[in-house]
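Q: My questions are about this predicted structure, shown below with the sequence.
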Amino acid sequence: MKVTKTRSFVKALTWRTTGTVDTFLISLLITKKPFVAASIASVEVLTKIALYYLHERIWNKVSWGRVVDKRKRS
């Protein structure tokens, strides 16, 4: 099984969108300041997209836990 770099990147973007909304809401609840919450969410989105992408690419090189389906598909 091979996973493309594009797939990993799109997964990173969709996951970070979810995470950034979560970070924004938590920051807003704590600070009660939308600008501060947006600032926190903006910074973390950049760093965490890069970290997730690298994490995903490293795990794609690890065969542990993968099961190869040997049945032929029609």
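A: All right, it came through fine. Numbers count the residues shown, from 1 in each chain.
Q: tell me the contacts of Ala37?
A: By C-beta atoms under 8 Å, 6 or more residues apart in numbering, the contact set of Ala37 is Phe24, Leu25, Ser27, Leu28, Thr31. All C-beta spots, glycine's among them, are computed from the backbone N, C-alpha and C.
Q: redo that, cut-off 10 Å
A: By C-beta atoms under 10 Å, 6 or more residues apart in numbering, Ala37 lies in contact with Thr23, Phe24, Leu25, Ile26, Ser27, Leu28, Leu29, Ile30, Thr31.
Q: Show me which of those residues are buried.
A: Buried subset of the contacts of Ala37 (neighbour count, 16 or more other C-beta atoms under 10 Å): Thr23, Phe24, Ser27, Leu28.
Q: Which strand or helix spans the first one?
A: Using DSSP states H and E, Thr23 sits within helix 5-31.
Q: average pLDDT across that helix?
A: Averaged across helix 5-31, the pLDDT comes to 90.
Q: which of the residues in the helix or strand just after it are buried?
A: Sequence-wise, the next helix or strand downstream of helix 5-31 (DSSP H and E) is helix 34-60. For helix 34-60, the neighbour count (16+ other C-beta under 10 Å) marks Ala37, Ile40, Ala41, Glu44, Val45, Lys48, Ile49, Tyr52, Tyr53, Glu56, Asn60 as buried.
Q: quick one: the fifth one and Thr20 touch, right?
A: Yes - with contact defined as C-beta atoms under 10 Å, Val45 reaches Thr20; the gap is 4.5 Å.
Q: Could you look up the SS state of Ser63?
A: Classification of Ser63 using DSSP: H, G, I helix; E, B strand; the rest coil returns coil.
Q: The one 4 residues further on too?
A: Per three-state DSSP, the local secondary structure of Val67 is coil.
Q: Identify the residues contacting it.
A: Applying C-beta under 10 Å, 6+ apart, the residues contacting Val67 are Met1.
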